[in-house]
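Undergrad: coordinates for the following, if possible.
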Amino acid sequence: MDERRMKELFQQTGETIQAILEYFRLKDKVLWTGSAGKGKTITVPNLSKYSLIRIKAVYGDFLVNTSAGRVRGIYGDKQGSSDTLVTGLLFASISGDSLTINNCNWVVHSPSGSHGAISQTTITEIIGIDPVIPTALQNIIRGGVIHNILIKRRWIPCGYSPC
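TA: Numbering: from 1, shown residues only. Purely as a prediction, here's the structure:
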């Protein structure tokens with residue numbers, strides 16, 4: 001292997017290690033805390049670096065795939081030890097590092113079949129669960145330089161088994 005190729009491999013290895021460290025640094029990180037309800041737009045630092053987030057509201061936790069650019073979440077639970085049900089609803093949109101809350105409400109459903117009034121509520125926390133996979137790692141996962149060298153030189157010439 002020539003010197004230029006070795007430099008390229010070392011550089012890619014360094015980029016890959018940095019990407020792995022960055023990925024794990026971002027994983028499961030609290031991005032925002034506060035209180036925001038219907039009609040509010042909040043800036044969530046680094047929101048655009050995540051593919052999966054968790055939004056906590058007063059009534060409900062919502063897992064959101066950010067690639068759609070929107071949030072559509074319904075949450076259900078029972079109120080205390082009774083058979084009374086609570087349903088939470090969250091509609092929002094995502095653009096870059098901003099989240100705009102279109103609707104965040106809840107309603108109580110009693111066992112007799114009657115419903116309480118729909119009440120507005122707020123979101124209280126956003127957690128970054130799964131960061132977007134960095135380009136340096138996408139290159140490895142999708143058959144980057146190192147992967148191709150290992151496959152072509154190590155596995156294929158030996159009939160798909162280690163030499």
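Undergrad: just the element for residue 55, please.
TA: Following DSSP states H and E, one finds residue 55 within strand 50-57.
Undergrad: next one: residue 94
TA: strand 85-95.
Undergrad: so what are the sheet partners of the strand holding residue 55 and their directions?
TA: strand 60-65 (antiparallel), strand 122-131 (antiparallel) (DSSP bridges).
Undergrad: and the shortest one, which residues are buried?
TA: For strand 60-65, a neighbour-count test (16 or more other CB atoms under 10 Å) marks 60, 62, 64 as buried. C-beta here means a position set from N, CA and C on the backbone, and glycine is covered the same way.
Undergrad: want to throw the residues you listed into CSV with distance to residue 30 and pLDDT?
TA: As requested, the buried residues of strand 60-65 are exported to CSV (distance: CB to CB, whole Å; pLDDT from 0 to 100):
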residue, distance to residue 30, pLDDT
60, 18, 83
62, 15, 90
64, 15, 91
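Undergrad: mind naming the longest helix for the chain?
TA: Looking across the chain with DSSP state H, the single longest helix is helix 3-26.
Undergrad: got the CA positions of stretch 89-96 in CSV?
TA: This file holds the C-alpha atoms of stretch 89-96, laid out as CSV (Å, rounded to 0.1, in the frame of the first residue of the first chain):
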residue,chain,number,x,y,z
LEU,A,89,-52.7,15.3,22.2
LEU,A,90,-49.7,17.1,20.7
PHE,A,91,-49.5,18.6,17.2
ALA,A,92,-46.4,20.6,16.3
SER,A,93,-44.0,21.3,13.4
ILE,A,94,-40.2,21.2,13.3
SER,A,95,-38.0,23.4,11.2
GLY,A,96,-34.3,23.3,11.8
